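Enquirer: Build me a model from this:
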Amino acid sequence: MSLGTLTRAAEAHFLSESAASRQLSVLETELGFKLFSREKRSLIPTPQGRKFYLEAERILYGLNDLPDIAQAIKREQKSSLRLISIPRLVRQIVSPAVARFCHEDPELQVKVDVQAMRYLQRWVAGFQFHIGLGRLPAEHPAIVTRKFCSLPTMVVLPRGHRLANRSELTLDDLEGESVVSLLKDTHLRKNIDSIYQAEGKTLRASVEVSSSYNAGCIVASGFGITIGDPFVAHSLGDGELVHVPLKTDFRYDFAFFEPAQGELSDTTKLFMKHVEEVAQEYMKRNGF
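Expert: Have a look, this model is predicted:
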């Protein structure tokens, strides 16, 4: 999966191509499903193979950190941090918090990963990371959360849109607009659907995408509008999009995701303090 061809994988592990192929076949037999389909001497990952790779990669991610962990213990180095965040928080919250954190102590070792919520929760629960930053609610039983930010629901529009100068919008105002929304099986889409249902309406999306960032990109390119939190507009930088509050009580809550067992290190607590400060500044700056 990582090297692209069986030949390269065999060479990397000092095997013949036939031996590597046999090992792959043995693994597929043990798993009970095909990892690759064979097409004209090429190996094409199956959907099951891609899912298995993502889970295996999570485990290997932790294993690859073992040499660094061992060296840190040797040096009695405690000032390290491994954090994971959902994409929407990276630009406005995570990046400035990491910058402040590292300015205070240039010797800190910080590793940042960005993943979707479904991976973030499992990886934090499995102790692959010291702390996660995501959106509530949390579903994993081995996770505890601590809210640091609550934001209103926004209609995100391209600059110059006929509704862009309004102080507030209702769903009636959006009648006739093309809507770019999240896929139906996502929590974010379910939240938006509930807002429509509360007013006896049904959301009919013109385009469905897998992430809020994708939705913002399409709207910034000149098609439709989308509904979400303010980070959707701000993730693309100033000038691309504008956001107008939607009249609804629903809010987007963001929180720290911590392993339920174990004590947070002083380094982790310090980083969390920076996140809280950055989040408060963001809300104050934008009138939230």
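Enquirer: roughly how far apart are the residue nearest the centre of the chain and residue 109?
Expert: Nearest to the mean C-alpha position of the chain, counting by C-alpha atoms, centre = their mean, stands residue 86 at 2.5 Å. Distance, residue 86 to residue 109, using C-beta to C-beta, to the nearest Å: 23 Å. Where C-beta positions appear, they are placed from N, C-alpha and C, glycine not excepted.
Enquirer: what does residue 218 give?
Expert: Counting by C-beta to C-beta, the gap from residue 218 to residue 109 is 38 Å.
Enquirer: can you check residue 244 too?
Expert: 42 Å.
Enquirer: who has more neighbours, the two?
Expert: Applying other C-beta atoms under 10 Å to residue 244 and residue 109 shows that residue 244 carries more neighbours, namely 19 against 13.
Enquirer: what are the bridge partners for the more buried one, then?
Expert: Here residue 244 sits in beta bridges with residue 155, going by DSSP bridges.
Enquirer: Next secondary structure after the helix or strand bottoming out on mean pLDDT in the chain?
Expert: For the chain, the helix or strand with the lowest mean confidence is helix 66-74, at a mean of 64 (criterion: mean pLDDT, DSSP states H and E). Using DSSP states H and E, the helix or strand that follows helix 66-74 in sequence is strand 80-85.
Enquirer: residues touching residue 234, list them.
Expert: Contact analysis of residue 234 by C-beta atoms under 8 Å, 6 or more residues apart in numbering lists 91-92.
Enquirer: ok, now residue 119?
Expert: With C-beta under 8 Å, 6+ apart, residue 119 has these contacts: 54, 58.
Enquirer: buried stuff in the helix or strand that contains it?
Expert: Element membership for residue 119 (DSSP H and E) is helix 117-125. Neighbour-count burial for helix 117-125 flags 117, 119-125 (criterion: 16 or more other C-beta atoms under 10 Å).
Enquirer: Now do the contacts for residue 272.
Expert: 131, 146, 148, 256, 264.
Enquirer: Which entries within those residues meet the buried criterion?
Expert: Buried members of these, scored by 16+ other C-beta under 10 Å, are 131, 148, 256.
Enquirer: could these go into a markdown table alongside secondary structure?
Expert: Formatted as a markdown table, these follow (DSSP: H, G, I helix; E, B strand; the rest coil):
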| residue | secondary structure |
| --- | --- |
| 131 | strand |
| 148 | strand |
| 256 | strand |
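Enquirer: Dihedrals phi and psi, residue 16?
Expert: Taking degrees, to the nearest 10, you get phi -80, psi 160 for the backbone angles of residue 16.
Enquirer: Likewise for residue 112?
Expert: Phi and psi for residue 112, reported as degrees, to the nearest 10, are phi -120, psi 130.
Enquirer: from here on, count from 99
Expert: Understood, numbering begins at 99; the last thing we discussed is residue 210.
Enquirer: and residue 261, how many neighbours does it have?
Expert: Neighbours around residue 261, by other C-beta under 10 Å: 14.
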